[in-house]
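Asks: Generate coordinates for the sequence data below:
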Amino acid sequence: MSPTFRSLRNANYRRYAAGGVVSNTGTWMQRVAQDWLVLQLTANSAAALGITTGLQFLPFLLLSPFAGLVADRIPKRRLLQLTNVGMAVPALLLGVLAVTGTAEIWHVYVLAVALGVASAFDAPARQSFVSEIVDADDLTNAVGLNSASFNAARLVGPAVAGVLIAALGGGVVATGWVILINAFSYIAPIMTLRSLDVARLDSPAPMRREPGQIRAGVQYVLGRPDLLLILAIVFFTGTFGLNFQMTSALMATEVFDKGASEYGLLGTFLAVGSLTGSLVAARRVRVRHRLVVGAALSFAVVEITAGLMPTYLTFALMTPLLGLAALTMITAANTFMQLHTEAGMRGRVMALYMMIFIGGTPLGAPFIGWVGEVAGARWTLLVGGIATFVGVSLASLLYLRHHRRVVQAAEAPGDATVPVAA
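Replies: Residues are numbered from 1 along each chain as shown. Coordinates of the predicted model:
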């Protein structure tokens, strides 16, 4: 078997990945449909789109530390079955409301929060569960293949959603049918999780209830400058740069005057680069800081360039490069965090990672939406790219400065007590 797909030799991982492909495809279909539904209900309001995105990711900011603690206390396989049910219910309700023509924007807001709550508990368990399925030697490969699965779904889901919405009339009812498809797609991961061979899972013993466990997780990360750098990078990229869901919709409708099909195709073009980045990451054996930093800075430059593109075609041609740089950074950051974290802390550490990475969206998405409302759609990309570049550069310089001081102190005569950052 090719080194790119070596984790698929593991039967449990094959089943887990298969369920993920189905669910991820439905998720991407709903993302397009939900955005289109908001635009239909609010006469193309960029601010409403930003609010919806922010509300959906707000629970990551508020609940992630507790969700990580739950992921360390409850068997992750069982927890993931529950969270998939929790994500299916809001999708089912929103789909029914849209199909019956009774959906209002406040319905979308409330159900976006409900979906976000379930997702906040799902994310740390899902991220850390991979290390229970595969050996440590295959973890980098498995994380890369998970990203490949996610982006293969991104390749198909937005295009299918765009075509279906257009074929069904392009209105509110059309979006509802697409959202309902996503609601039923959650059956696949629930069934594949139930079918896993539990005896072949390397699951740590559930952590006992003790006071101060969330604080212990935070203190663990604060004592690791290498992990703090990764968290700073994903904060700036996640908060200001990775708002494709909103920026693509605004560029398609406001700048290039396109419809649902063309908007969906932008997601597909983006996924071409994302899938490429994921498969390249799956072949990688080692992950270093410099890869995460370089990919984040490259992404920022490409995003600024995309915001300057004069036509729909040239903008679409830039989106694969955006996807390549973004997924290289995301996969490398995720892998670094898991490989350099103790097993007993992994749920809480990955929860902090998701809180900072995705939880920044409630701060950034409304701001970027406001920028689009005031200055125009192009500035959502320009401001996002500039903020990402400045933030990543500053975080990297601070880390290098700290690391240099630690090394110099460790090399000083008679001083052997100063720890060197991992």
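Asks: CA only for contacts and neighbour counts going forward, please
Replies: Will do.
Asks: The closest residue in space to Gly238 that isn't next to it in sequence: neighbouring residues, count only.
Replies: The spatial neighbour of Gly238 that comes closest, neighbours along the chain excluded (C-alpha to C-alpha, 6 or more residues apart in numbering), is Phe357 at 5.2 Å. Taking other C-alpha atoms under 10 Å as the neighbour definition, Phe357 ends up with a count of 24.
Asks: correct me, but Phe357 touches Thr239?
Replies: Yes - with the criterion set as C-alpha atoms under 8 Å, Phe357 and Thr239 qualify as a contacting pair; they are 7.2 Å apart.
Asks: gap between Ala159 and Ala91?
Replies: Between Ala159 and Ala91 the computed distance is 19 Å (C-alpha to C-alpha, to the nearest Å).
Asks: chain center to the longest helix seen in the chain: distance?
Replies: For the chain, the longest helix by residue count, based on DSSP state H, is helix 378-411. Helix 378-411 has its average C-alpha position 21 Å from the chain's average C-alpha position, going by C-alpha atoms, centre = their mean, to the nearest Å.
Asks: could you say what helices and strands it packs with?
Replies: Applying 3 or more C-alpha pairs under 8 Å, 6 or more residues apart in numbering; DSSP states H and E, one finds that helix 378-411 makes contact with helix 225-236, helix 289-307, helix 361-375.
Asks: Dump the C-alpha coordinates for stretch 308-321 into PDB.
Replies: C-alpha atoms of stretch 308-321 as PDB (Å, rounded to 0.1, in the frame of the first residue of the first chain):
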ATOM      1  CA  LEU A 308      -7.300  41.700  -5.600                       C
ATOM      2  CA  MET A 309      -8.400  39.400  -8.400                       C
ATOM      3  CA  PRO A 310     -10.400  41.300 -11.100                       C
ATOM      4  CA  THR A 311     -12.700  38.500 -12.400                       C
ATOM      5  CA  TYR A 312     -14.600  35.400 -11.200                       C
ATOM      6  CA  LEU A 313     -12.300  33.200 -13.200                       C
ATOM      7  CA  THR A 314      -9.000  34.600 -11.700                       C
ATOM      8  CA  PHE A 315     -10.500  34.500  -8.200                       C
ATOM      9  CA  ALA A 316     -11.500  30.900  -8.700                       C
ATOM     10  CA  LEU A 317      -8.000  30.000  -9.900                       C
ATOM     11  CA  MET A 318      -6.600  31.400  -6.700                       C
ATOM     12  CA  THR A 319      -8.800  29.400  -4.400                       C
ATOM     13  CA  PRO A 320      -6.900  26.100  -4.800                       C
ATOM     14  CA  LEU A 321      -3.700  27.900  -3.600                       C
END
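Asks: what comes up buried for that stretch?
Replies: Buried residues in stretch 308-321, counting neighbours by 16 or more other C-alpha atoms under 10 Å, are found at 312, 315-321.
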